[in-house]
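S.K.: Okay, here's the prediction I keep looking at, along with the sequence it came from:
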Amino acid sequence: MNRPEPGLPHTGRVIDADRLHAVITAELARRRADVAAVDPRLVADVELLVEFVTDGGKRLRPQFLWCGWLAGGGAATGPDADAVLQVAAALELLQACALLHDDIIDRSQRRRGRPSTHRAVAKRAADAGVAADPEHHGVSVAILLGDLALAWCDDLFLAGALPLGAAHRAAPVWRAMRTEVLAGQLLDLAVTVSAEADPATQERDAMRVNRYKTAAYTIERPLHLGAALAGAAPATIAALRTYGTDIGVAFQLRDDLLGVFGDPAVTGKPAGDDLVEGKQTVLLALARAELGRAPDRVGELADLDAGVGRADADTEKLTAIIAGTGAVGAVERRIAELVGTGLAALSSIGPDGRSAVPDPVHERLADMAVAATARRR
């Protein structure tokens, strides 16, 4: 179970992790019973989804949703706060859908230190001898579990937004978020297969993917959604969205570094996994640009281009090539710049002469910006 951060007990400005967990587990228990009523044989599959949602994750999106709610004047306790927790739980189910499907797309073997869902199902089928093609069976089950999570998250969103009388304000944000994350994933695939040779174009494409696949869905829209639920002023929403975009992109840039240089014991994923998957990141674009400008390094560029995206890639060699460029330092500087501009947005002043983001929420978001962009996993 996710708990409030050490030294930061529930004070109102931090989402109550125990209450959120209770909402998630109660909802999933009801849904598990619904599926079991169709056929008890399905329980083992659904249990994988239940465990995935309840046993892991950073709960970032609910935290940002909560900050948006408080920034808009929402109460930290009472029936309205309970309704917001329903929407927060919906975000966790949406995240589960995205991750289950993302692991299939990326052919990821592990997630959060354990076998990814499609791999766990495939192994179970192979061990039991119940499927002629265990790998295909695993992918099929994981797709449908992700679809269930997507359907259930919509129900939870409405369960929270309707009692607040905020569905008319929040639904456009909810729709935009779902479209952006799926379109961002489609764009990621399009960019990956485009085999773009120009590093500058590759970098622009990567930044667009970062904007829609990660930044909007992880930080900007959860903040926007919370603020919309509360009926926040336009100046507050604008400040939160600017912060969310900048910190969200910085979050993804940190993820790109961890995808190449992260410690598997901490990240829960193999070292160099992004290189094997062939992800077209800003880090890779910057490394390619530098190698392409150095006539004596064309061999390294050729090795990098030949190795990225191969299942049998020599990740140690590719990592060393990237580390030998200034790309890592350049990405770190961009992260610092984005954190700076994101934090500056929180200090904006509304037309009434007051801070667009109240001080307690401002402080919390400043702490979260550091946590999201300086993390090791």
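M.R.: Perfect, I can see it now.
S.K.: At the geometric centre of the chain, which residue do we find?
M.R.: Centroid-nearest residue in the chain: residue 218, 4.9 Å away (criterion: C-alpha atoms, centre = their mean).
S.K.: was I right about that one contacting residue 254?
M.R.: No: taking C-beta atoms under 8 Å as the definition, residue 218 is not a contact partner of residue 254, at 11.6 Å. The C-beta positions use only the backbone N, C-alpha and C, and glycine is treated the same way.
S.K.: Name the surrounding residues that touch the worst-scoring helix or strand of the chain on mean pLDDT.
M.R.: Sorted by mean pLDDT, DSSP states H and E, the helices and strands of the chain end with helix 264-267, the least confident at a mean of 76. Helix 264-267 has contacts (C-beta atoms under 8 Å, 6 or more residues apart in numbering) with 258, 270, 271, 376, 377.
S.K.: In ChimeraX, how would I select the buried members of those residues?
M.R.: Written as a ChimeraX command, the selection of buried residues from the contacts of helix 264-267, which uses 16 or more other C-beta atoms under 10 Å, is:
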select :258,271
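S.K.: from the contacts of helix 264-267, which single one is nearest residue 227?
M.R.: Of all the contacts of helix 264-267, residue 377 has the smallest distance to residue 227: 28.3 Å, by C-beta to C-beta.
S.K.: What are the neighbouring residues in contact with the closest one?
M.R.: Applying C-beta under 8 Å, 6+ apart to residue 377 gives the contacts 258, 262, 266, 267, 268.
S.K.: separation between it and residue 137?
M.R.: 30 Å (C-beta to C-beta, to the nearest Å).
S.K.: Ok, residue 72 next?
M.R.: Distance, residue 72 to residue 137, by C-beta to C-beta: 46 Å.
S.K.: still on that earlier bit, filter the contacts of residue 377 down to the buried ones.
M.R.: 258, 262, 267.
S.K.: Closest to residue 335 out of these?
M.R.: Proximity of those to residue 335, judged by C-beta to C-beta, is greatest for residue 258, which lies at 11.8 Å.
S.K.: correct me, but the closest one touches residue 374?
M.R.: No: at 11.2 Å, residue 258 and residue 374 do not qualify as touching, with contact defined as C-beta under 8 Å.
S.K.: so is residue 76 in a helix, a strand, or just coil?
M.R.: Going by DSSP: H, G, I helix; E, B strand; the rest coil, the secondary structure assigned to residue 76 is coil.
S.K.: got it, and residue 56?
M.R.: Assignment for residue 56 (three-state DSSP): coil.
S.K.: so what's it up against?
M.R.: Shown in contact with residue 56 (C-beta under 8 Å, 6+ apart): residue 112.
S.K.: ok, back up a step: just the buried ones among the contacts of residue 377 now: which is nearest residue 116?
M.R.: Within these, the smallest distance to residue 116 is 13.7 Å, found for residue 267 (C-beta to C-beta).
S.K.: what about that closest one, distance to residue 130?
M.R.: From residue 267 over to residue 130 the distance is 33 Å, taken as C-beta to C-beta.
S.K.: Residue 32 and residue 90, how far apart?
M.R.: Taking C-beta to C-beta, one finds residue 32 at 17 Å from residue 90.
S.K.: mind listing what residue 272 touches?
M.R.: Applying C-beta under 8 Å, 6+ apart, one finds that residue 272 lies in contact with 259, 260, 313, 315, 316, 318, 319.
S.K.: got it, and residue 224?
M.R.: 68, 173, 237, 240, 241, 244 are the contacts of residue 224 under C-beta under 8 Å, 6+ apart.
S.K.: One more: residue 199?
M.R.: With contacts taken as C-beta under 8 Å, 6+ apart, residue 199 has the following neighbours: 285, 286, 288, 289, 292.
S.K.: Give me the nearest residue to it, chain neighbours excluded.
M.R.: Spatially, and ignoring its direct neighbours in sequence, residue 199 is nearest to residue 289 (3.7 Å; C-beta to C-beta, 6 or more residues apart in numbering).
S.K.: and that neighbour, what are its phi and psi?
M.R.: Dihedral pair for residue 289: phi -60, psi -40, per degrees, to the nearest 10.
S.K.: Check residue 355 too.
M.R.: When read as degrees, to the nearest 10, the backbone of residue 355 gives phi -60, psi 130.
S.K.: Ok, residue 349 next?
M.R.: phi -110, psi 130.
S.K.: Specify the beta-bridge partners of it.
M.R.: residue 355 (DSSP bridges).
S.K.: so it makes contact with residue 356?
M.R.: Yes: Residue 349 lies in contact with residue 356 (C-beta under 8 Å); the separation is 6.5 Å.
S.K.: in the chain, which spans are strands?
M.R.: 110-111, 114-115 (DSSP state E).
S.K.: So for residue 328, which of those strands sits nearest?
M.R.: Proximity of the strands of the chain to residue 328 was assessed by C-beta to C-beta; the nearest stretch is strand 110-111, lying at 24.1 Å.
S.K.: Report the contact partners of residue 335.
M.R.: Residues in contact with residue 335 (C-beta under 8 Å, 6+ apart) are 250, 253, 254, 373.
S.K.: separation between it and residue 233?
M.R.: Spatial separation of residue 335 from residue 233 under the definition C-beta to C-beta is 30 Å.
S.K.: re the thing from before, export the contacts of helix 264-267 to JSON lines and tack on pLDDT and distance to residue 307?
M.R.: As requested, these are exported to JSON lines (pLDDT from 0 to 100; distance: C-beta to C-beta, whole Å):
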{"residue": "258", "pLDDT": "93", "distance to residue 307": "19"}
{"residue": "270", "pLDDT": "75", "distance to residue 307": "15"}
{"residue": "271", "pLDDT": "75", "distance to residue 307": "14"}
{"residue": "376", "pLDDT": "76", "distance to residue 307": "25"}
{"residue": "377", "pLDDT": "70", "distance to residue 307": "25"}
